[in-house]
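**Q** the following comprises the amino acid sequence and a computationally predicted model.
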Amino acid sequence: MDDRIRVLIAKPGLDGHDRGAKVIARALRDAGMEVIYTGLRQTPEMIASAALQEDVQVIGLSILSGAHSAIVPRLMKLLAEKEMTDVMVILGGIIPDEDVESMKKLGVAAVFQPGAPLQQIVQFIRSNIQQPVGHSR
């Protein structure tokens, strides 16, 4: 059985800049994780559906557009509706300091702002995911 951590990296909203998301995806893959990258302009519905289909343990959102205040609450609601509250959600991109705490109150496990070391993200995921792939919902 493959016990690699499965991570979905998504670019929600209309933001068309995905270099950071691709860098994160590669760093996680290089660290031995299985990474599914959904591409640009994903809706919360598309992200939740892909996370369910791919049976991921982590969803990483890259948001540079400022739309996190609309996208994250919708995604968290969809995950709850699909009984996927065991999926860890992390957020990266341009998230103002004053919004970090509100994102965490919604259930986001961590917010990584510009300049966060890639190893810090890898270590956070490894430290917070214990269950191997093949967990059942």
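**A** Sure thing, it's come through.

**Q** hey, let's count contacts and neighbours off CA atoms from now on
**A** OK.

**Q** and the gap between residue 125 and residue 56?
**A** 12 Å (C-alpha to C-alpha, to the nearest Å).

**Q** for residue 60, which residues are in contact?
**A** Counting by C-alpha atoms under 8 Å, 6 or more residues apart in numbering, residue 60 touches 7, 8, 9, 10, 89, 90, 91, 92.

**Q** how far out from the middle of the chain is stretch 56-67?
**A** Relative to its parent chain, stretch 56-67 has a centroid offset of 5 Å by C-alpha atoms, centre = their mean, to the nearest Å.

**Q** could you pull out the buried residues of that stretch?
**A** Using 16 or more other C-alpha atoms under 10 Å as the test for burial, stretch 56-67 gives 56, 57, 58, 59, 60, 61, 62, 63, 64.

**Q** which SSE is the fourth one in?
**A** For residue 59, the enclosing helix or strand under DSSP states H and E is strand 58-63.

**Q** state the mean pLDDT of that strand.
**A** What strand 58-63 shows for mean pLDDT is 97.

**Q** strand partners (parallel or antiparallel) of that strand?
**A** With DSSP bridges as the test, strand 58-63 is paired with strand 6-10 (parallel), strand 88-93 (parallel).

**Q** so which of the contacts of residue 60 is the most crowded?
**A** For the contacts of residue 60, counting by other C-alpha atoms under 10 Å, the largest number of neighbours falls to residue 10: 29 neighbours.

**Q** which helix of the chain spans the most residues?
**A** In the chain, taking DSSP state H as the definition, the longest helix is helix 68-81.

**Q** which residues touch it?
**A** By C-alpha under 8 Å, 6+ apart, helix 68-81 touches 12, 13, 43, 44, 45, 47, 48, 85, 95, 103, 106, 107.

**Q** what's around the closest residue to the third one other than its chain neighbours, how many residues?
**A** To tie it back to what came earlier, the one meant is residue 43. With C-alpha to C-alpha, 6 or more residues apart in numbering as the criterion, residue 43 has its nearest non-adjacent residue at 5.6 Å, and that residue is residue 12. Residues lying near residue 12 (other C-alpha under 10 Å) number 27.
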